[in-house]
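Engineer: Take this sequence and fold it.
(chains A, B, C and D)
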Protein chains: 2
Amino acid sequence: MPSPRQTAALVMDNIPLLMRLLRTKFREKRVGDLSMAQFRTLAFVDANQGASLSEVAGNIGLGLPSMSKLVDALVDHQLLTRDTHGTDRRRICLTLTAQGKSELDEAYQYTQAFFADKFAELTEDERTQIAGAINVMKKLFALDPKRSNPEPSEQ
Amino acid sequence: MPSPRQTAALVMDNIPLLMRLLRTKFREKRVGDLSMAQFRTLAFVDANQGASLSEVAGNIGLGLPSMSKLVDALVDHQLLTRDTHGTDRRRICLTLTAQGKSELDEAYQYTQAFFADKFAELTEDERTQIAGAINVMKKLFALDPKRSNPEPSEQ
DNA sequence: CAAATATAATTGCCTTTTGAAACTATTATT
DNA sequence: AATAATAGTTTCAAAAGGCAATTATATTTG
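Structural biologist: The predicted structure follows:
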C-alpha cells in the first residue's frame, strides 16, 4: 500500500534509469544513424501523418528552431517530406517517406526485440501489471501524443 | 494478457513521455539552477558516498570527460567535495556537502510534490500496481544503481 | 479594404553539453 | 626496473538546443 509520495519517489528514481537503458539499447544499433530525437520524430510523424512543425516540436519537447533543423536533416536524408499545407501556407505538412517508414520500423523493432526478450522472462501476470501501470499513468498524465490541431485536414 | 512484444511497445512508447514530463517539471523550478544531469549526479553520490568518477559516469550514462566537467561545476558550487582516495590516489572520492544535500533534497521534493499530487488522484490499487510494475522492471533490468567497486573502502 | 496583429516556420548566433584523443599521474604486472 | 593498465583531466571539435530577429502567410480590426 504505497503512499502517493512513495509512488512518486519510485517513479522519479527509476524512470531515468529505464530511459537510459532505452537510449543505450537504441544507440547500440543506431540504424541509419538516427538520433533518439530523430527517431521519436519519425515515430510521431508516423502516428500523425501531415503533422506540423509546432505539433512535432511540442510533442517531442523541443523548440521550433531545434525541430526545424532536425527536420531539415531528416528531409535531407529523405526520411521525411516537408510540403506546405494546402489551406494554410504558413504551415508545413510532414510525412514519412517509404524509406523513413522502413528505417523507423527497423530501429523500432531492434529495440523492441531487446525489451520483448526481457519481458518474456516475466509471467503473464507481471506483464499485465506493467501494461496496466503504464496505461494508468498514460491516462493520469495525459501522456497520449495529441495533435494540437484536431483536424488533420490535408491539402 | 499482453504479449512480451506488446509490453515492450507500451514501455518504449511511454517511457520517453514520462521522462519528458519529469524533465519539464524539474526545469520548471530549477532549484539552485541544477541541470538534470547534475541533479542525478548529486542523487547518486548521496546514495553512494565516496563514489568514484567512473562509477558516477557509468551510472548516469555520461563519458568520463563530461562527468569530470560536471563534477567540476558541482565542486565549484560547493555541492560536492572531490578528495583523493586514501589507498588509490588515482581515484577520486566524491561526497555531498551539507549544502549539496540540502539542494538535492529541495530539488527532489519539489518534483516529488508534483508527482505525489497526481498519484493521490489514484486508488490504492492503482498505486500498488504502479509500484509493483516498477519493482518488477527494476529487478528485470537490474536497474539498481550498483557500485562497480563493491567495497566503499574510504580513506 | 488597408493597417495592424498574430501565427508558422526559418535563419543566424550563441551557449551548453558531449565525446574522442592526447596527456598526466598512479598502480599493477612482468 | 620496465611495461602495461587504470583513473582522471585537459584540449579540441562537433552536436544540440535555445533566444532573438526575420520572412511569409493569415487573421483581426479600424
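Engineer: For stretch A:27-45, measure first residue to last.
Structural biologist: The straight-line separation of the ends of stretch A:27-45 (Cα to Cα, to the nearest Å) is 21 Å.
Engineer: Show the model's pLDDT score for A:Arg30.
Structural biologist: At A:Arg30, the predicted lDDT confidence score is 69.
Engineer: what pLDDT, on average, does the helix or strand encompassing A:Thr41 get?
Structural biologist: Per DSSP states H and E, A:Thr41 falls inside helix A:36-47. The pLDDT scores in helix A:36-47 average 95.
Engineer: That one packs against which elements?
Structural biologist: Using 3 or more Cβ pairs under 8 Å, 6 or more residues apart in numbering or on different chains; DSSP states H and E as the contact definition, the elements that helix A:36-47 packs against are helix A:4-28, helix A:53-60, helix A:64-76, strand A:80-84, strand A:92-96, helix A:98-119. C-beta coordinates here come from the backbone N, C-alpha and C atoms, glycine included.
Engineer: Give me the angle between the second one and strand A:92-96.
Structural biologist: Direction vectors for helix A:53-60 and strand A:92-96, defined by axes from the mean of the first three to the mean of the last three Cα atoms, to 10 degrees, enclose an angle of 60 degrees.
Engineer: again, but for the last one
Structural biologist: Orientation check (the same axes, to 10 degrees): helix A:98-119 against strand A:92-96 gives 60 degrees.
Engineer: Export only the CA atoms of helix A:98-119, formatted as CSV.
Structural biologist: Listed next in CSV are the C-alpha coordinates belonging to helix A:98-119 (Å, rounded to 0.1, in the frame of the first residue of the first chain):
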residue,chain,number,x,y,z
ALA,A,98,8.8,4.9,-47.7
GLN,A,99,12.5,4.9,-46.6
GLY,A,100,11.6,6.8,-43.5
LYS,A,101,9.0,4.3,-42.6
SER,A,102,11.3,1.4,-43.2
GLU,A,103,14.2,2.9,-41.2
LEU,A,104,11.7,3.8,-38.4
ASP,A,105,10.4,0.2,-38.3
GLU,A,106,13.9,-1.2,-38.4
ALA,A,107,15.1,0.9,-35.5
TYR,A,108,11.9,0.3,-33.6
GLN,A,109,12.0,-3.4,-34.0
TYR,A,110,15.6,-3.7,-32.9
THR,A,111,14.9,-2.0,-29.6
GLN,A,112,11.6,-3.8,-29.2
ALA,A,113,13.3,-7.1,-29.7
PHE,A,114,15.5,-6.5,-26.7
PHE,A,115,12.7,-5.4,-24.4
ALA,A,116,10.4,-8.2,-25.6
ASP,A,117,13.1,-10.8,-24.8
LYS,A,118,13.3,-9.4,-21.3
PHE,A,119,9.6,-9.2,-20.8
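Engineer: Next secondary structure after that helix?
Structural biologist: Remark: after helix A:98-119, the chain's next helix or strand is helix A:124-140, criterion DSSP H and E.
Engineer: Which residues outside that following helix are in contact with it?
Structural biologist: Under the criterion Cβ atoms under 8 Å, 6 or more residues apart in numbering or on different chains, residues A:11, A:119, A:122, A:143-144, B:1-4, B:6-7, B:10-11, B:14, B:18, B:118-119, B:121-122, B:126, B:129-130, B:132-134, B:136-137 lie in contact with helix A:124-140.
Engineer: List the residues that contact the residue most central in space within chain A.
Structural biologist: For chain A, the residue lying nearest the average C-alpha position, counting by Cα atoms, centre = their mean, turns out to be A:Arg40 (3.6 Å). Contact analysis of A:Arg40 by Cβ under 8 Å, 6+ apart lists A:60, B:16.
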